[in-house]
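Participant: Next input, structure requested:
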Amino acid sequence: MNLIDILNNRYSAKEFDPSKKISDEDFEQVKALLRLSPSSANTQPWHFIIANTETGKERIAKSTEGFYIFNKPKVLDASHVIVFCARTEASEEYMKKLLNQEDKDGRFAKPEFKEQMDGARKIFTNFHRYDFKDLQHWMEKQVYLNMGSLLLGVAALGIDAVPMEGIDSKALDEEFGLRERGFTAVAVVSLGYRKESDFNASLPKSRLSEKEVFTELV
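Facilitator: From the prediction side, this is the model:
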C-alpha cells in the first residue's frame, strides 16, 4: 500500500454510481473504522445512523430539501450513507459506562489505574464544561476526528466518499429523535463508487506547498 497514492486518489465524490454497492465484508471494515477511531480521553462521544436501503436513504435525504437540495443525489445514489452524531452532554452515567467497558475489556493493568483513568477523563471533560464552556463543541471535535479517520480508511479500501455539512441537522434530529436520545446530527458522509461522469474525479489535487504548511525544526 502506498499511502501517497491513496491520498492522491481520494477526493470528494460528486456523483455516485447507484448500481455499485459496497460488499458486506468491506462494510464490516467501515464499521470498524467508525467504532475504533481515536477520541480525546477515549470519550467516544458519537453515534452513527447507517442507511443502505432506499427507504433509509430517503429518510436521511429529508435533510437535503430546500437550500441543500444539491446534496440530495449524493444521498440517494450512494451505496451507504452515515449520519455522524455527537453527544450533547457527558453525564456521570455515561462516564461510568465508559469506565466499566474499559475495565471489562482489560484496559487496567492494576486496579488503581481504573480510578486514575476516571479522574483524568473527568478533569479534561470539566475543563471544557466549566472553564472553556465548550463541552458540546469539544465533543463534536472528536466526531470530526472520527470522520477524518473514516475518509482515509475507506479510500484505502477503494471506496469513494463525500462528507457533507450541507444538510439540515435539525431535520435529522427530528427524523431520528436524536435530541431525546442525547445526540445531535453533525454531518453526513455518503459512501459508494464514483460515476464515470463525475467531473471531480479527473481534476488534480490542489494544496498549499510544503513550504507553506510545514515548519520543520532542527
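Participant: Which residues are in contact with E196?
Facilitator: Remark: with contacts taken as Cβ atoms under 8 Å, 6 or more residues apart in numbering, E196 is in contact with D17. All C-beta atoms are positioned from the backbone trio N, CA, C, and that covers glycine.
Participant: Can I take it that it is in a strand?
Facilitator: No. Judged by DSSP: H, G, I helix; E, B strand; the rest coil, E196 forms no part of a strand; its state is coil.
Participant: Please give the number of neighbouring residues around H137.
Facilitator: 11 (other Cβ atoms under 10 Å).
Participant: And for S39?
Facilitator: Other residues near S39 come to 15 when the count uses other Cβ under 10 Å.
Participant: What does V189 show for phi and psi?
Facilitator: Backbone torsions of V189, given as degrees, to the nearest 10, read phi -120, psi 120.
Participant: er, Y11 actually
Facilitator: Torsion angles, degrees, to the nearest 10, at Y11: phi -160, psi 170.
Participant: quick one, what contacts it?
Facilitator: Taking Cβ under 8 Å, 6+ apart as the definition of contact, the neighbours of Y11 are D160, N200, A201, L203, K205.
Participant: quick one: the nearest residue to the fourth one once chain neighbours are set aside from M164, how far?
Facilitator: Same thing as L203. Among residues not flanking L203 along the chain, Y11 sits closest, at 7.6 Å (Cβ to Cβ, 6 or more residues apart in numbering). Here Y11 is placed at a distance of 14 Å from M164 (Cβ to Cβ, to the nearest Å).
Participant: now A86
Facilitator: Taking Cβ to Cβ as the measure, A86 falls 16 Å from M164.
Participant: before we move on, what about K211?
Facilitator: For K211, the distance to M164 equals 32 Å [Cβ to Cβ].
Participant: One more: R207?
Facilitator: When distance is defined by Cβ to Cβ, R207 is 21 Å away from M164.
Participant: Show me which of these two is the more surrounded one.
Facilitator: Neighbours around R207 and M164, counted as other Cβ under 10 Å, are more numerous at M164. The numbers are 19 against 9.
Participant: Any idea what the more buried one is bridged to?
Facilitator: In this structure, M164 bridges to V188 when assessed by DSSP bridges.
Participant: pretty sure it contacts N71?
Facilitator: Yes. With contact defined as Cβ atoms under 8 Å, M164 counts as touching N71 (5.3 Å).
Participant: what residues do these two have in common as contacts?
Facilitator: Taking Cβ under 8 Å, 6+ apart as the contact criterion, the common neighbours of M164 and N71 are V188.
Participant: host element of the closest residue to L151 other than its chain neighbours?
Facilitator: Excluding its sequence neighbours, the residue lying closest to L151 (Cβ to Cβ, 6+ apart) is A161, at 5.6 Å. In this structure, A161 is located in strand 160-164 according to DSSP states H and E.
Participant: Give me the mean pLDDT for that strand.
Facilitator: Within the predicted structure, the mean pLDDT of strand 160-164 is 98.
Participant: and stretch 45-60, average pLDDT?
Facilitator: Averaged over stretch 45-60, pLDDT sits at 98.
Participant: Lovely, talk soon.
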